[in-house]
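*Asks:* sequence plus the predicted model coming up.
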Amino acid sequence: MPDLRLVTAPSRDELLELLRGRLSDVVPGMRLLARGLRGAAESPIDFLGVEPAGRAVLVLVGEAGEDLELIGRALAQRAWVESRLGDWLQLAPASGIRPEAGLLVQLLCSSFRHEARLAARALGPERVALGTFRFVRGALGIEPLLERIIDDRPARRSGDGIAPLGEAPPLEDFRTGLDDAQLGLTESELAEFE
């Protein structure tokens, strides 16, 4: 077994170059079309690709600790690309992109906090997917290890008998305007609140 050890991520340019050859680890069968496209904001779309079924794929790579910001960038870039996809197809009709197949934004970061995972889950796996990367040094140098984050729990939706995320069920017996007598507290218990 080769001697592998985890190492810190290289510079951004080297990181993107190393990830470039491994993107199919998180988006199986993806064919890379472009790198470093200027999109909706100052930040670029790191990679543009297409899946075998024709779905366009944007790949955004985030720095450690910016996973929630990455979710916001995903939404902005997705909206920007959706409005221009028809124009792109006129420029590159042989790209294999089929607008009816949809658009996926694949996010890559060293880790995703619980809040970021919930946000991506709320958007749906057909719109935003998460993946992590780590780097190891072995006999051939630094290599990336990519892993898809798969959330196999069904998304909660209104009307399916389960309360959506962040929404508590209604309290049937909740009352307001209670006075001290209705609370049934003793004098010493009331003194604790003063």
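*Replies:* Looks like it came in fine.
*Asks:* who are the packing partners of the lengthiest helix in the chain?
*Replies:* Longest helix in the chain by number of residues (criterion: DSSP state H): helix 67-82. Judged by 3 or more C-beta pairs under 8 Å, 6 or more residues apart in numbering; DSSP states H and E, the packing partners of helix 67-82 are strand 56-61, strand 103-109, helix 114-123, strand 128-138. Every residue, glycine included, has its C-beta placed from N, CA and C.
*Asks:* ok, 6 Å please
*Replies:* Contact here means 3 or more C-beta pairs under 6 Å, 6 or more residues apart in numbering; DSSP states H and E; on that basis helix 67-82 packs against strand 56-61, strand 103-109, helix 114-123.
*Asks:* low pLDDT regions in the protein?
*Replies:* 1-2, 41, 152-183, 193-194 (pLDDT under 70).
*Asks:* any idea which of the helices and strands packed on helix 67-82 gets closest to residue 31?
*Replies:* For the helices and strands packed on helix 67-82, distance to residue 31 was read as C-beta to C-beta. The smallest value, 9.2 Å, belongs to strand 56-61.
*Asks:* pairing partners for that closest one, with directions?
*Replies:* Sheet pairing for strand 56-61, assigned by DSSP bridges, gives strand 44-50 (antiparallel), strand 103-109 (parallel).
*Asks:* quick one: closest of the helices and strands packed on helix 67-82 to residue 146.
*Replies:* strand 103-109 (7.1 Å).
*Asks:* next, the angle strand 128-138 makes with that closest one.
*Replies:* Orientation check (axes from the mean of the first three to the mean of the last three C-alpha atoms, to 10 degrees): strand 103-109 against strand 128-138 gives 40 degrees.
*Asks:* could I get the strands paired with strand 56-61 as TSV with distance to residue 140?
*Replies:* Output for the strands paired with strand 56-61, formatted as TSV (distance: least, C-beta to C-beta, whole Å):
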stretch	distance to residue 140
strand 44-50	23
strand 103-109	21
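*Asks:* do you know which of the ones you listed lies nearest residue 92?
*Replies:* Across these, closest to residue 92 is strand 44-50 (C-beta to C-beta), at 10.2 Å.
*Asks:* got the angle for that closest one vs helix 67-82?
*Replies:* Using the same axes, to 10 degrees: strand 44-50 against helix 67-82 is 60 degrees.
*Asks:* and for strand 44-50, what are the contacting residues?
*Replies:* Contact partners of strand 44-50, identified using C-beta atoms under 6 Å, 6 or more residues apart in numbering, comprise 30-39, 56-61, 77, 96-97.
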